[in-house]
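# no sequence for this one, just the structure:
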């Protein structure tokens, strides 16, 4: 589940599905092949994400949030629970169908405060550069 996020961000969901099926996780593999443009499938992906949070698997939860298009929840989880503002910035930058206004709002309200708290000057520089 660790690499699932990167496959999803790269748009390789079908390949990720095949990898899950090879690991005998056929249910997850079949779930990945759903059409996430429908509200019912996005809701199911969010429910799976919350289930993974309850099982203390936040990396998998982030992947399912991105799959569902819930970038705000994914970025919030990455910053607040995983304490990885650089990954959050990568999510904002690479997540599909994220409007620029929403991305800038997330950078200002979640990523920059997390980077300031972590005293990560590199991420702060990248975040302000993204806003320009």
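Okay, I see it. The model shown is predicted, which means the values in this text are computed figures rather than measured ones.
# ranges for the helices of this structure?
4-9, 13-22, 26-32, 39-54, 58-68, 71-77, 85-94, 100-106, 112-118, 121-131 (DSSP state H).
# now these as CSV including mean pLDDT and mean neighbour count?
In this view, the C-beta of every residue, glycine as well, is placed from N, C-alpha and C. Below are the helices of the chain laid out as CSV (pLDDT from 0 to 100; neighbours: other Cβ atoms under 10 Å):
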stretch, mean pLDDT, mean neighbour count
helix 4-9, 94, 19
helix 13-22, 95, 16
helix 26-32, 94, 16
helix 39-54, 97, 15
helix 58-68, 96, 24
helix 71-77, 97, 21
helix 85-94, 95, 21
helix 100-106, 94, 15
helix 112-118, 96, 17
helix 121-131, 96, 15
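# how far away is residue 130 from residue 39?
Applying Cβ to Cβ, to the nearest Å, the value for residue 130 to residue 39 is 30 Å.
# what does residue 128 give?
35 Å.
# And the contacts of stretch 65-85?
Stretch 65-85 is contacted from outside by 5, 8-9, 13, 32, 36, 41-43, 45-46, 49, 53, 58-59, 61-62, 87-88, 91-92, 95-98, 102-103, 106, 110-111, 114-115, 118, 120, 123, 127, using Cβ atoms under 8 Å, 6 or more residues apart in numbering.
# What separation is there between the residue lying closest to residue 97 once chain neighbours are set aside and residue 55?
With Cβ to Cβ, 6 or more residues apart in numbering as the criterion, residue 97 has its nearest non-adjacent residue at 6.5 Å, and that residue is residue 69. Separation of residue 69 from residue 55 (Cβ to Cβ): 22 Å.
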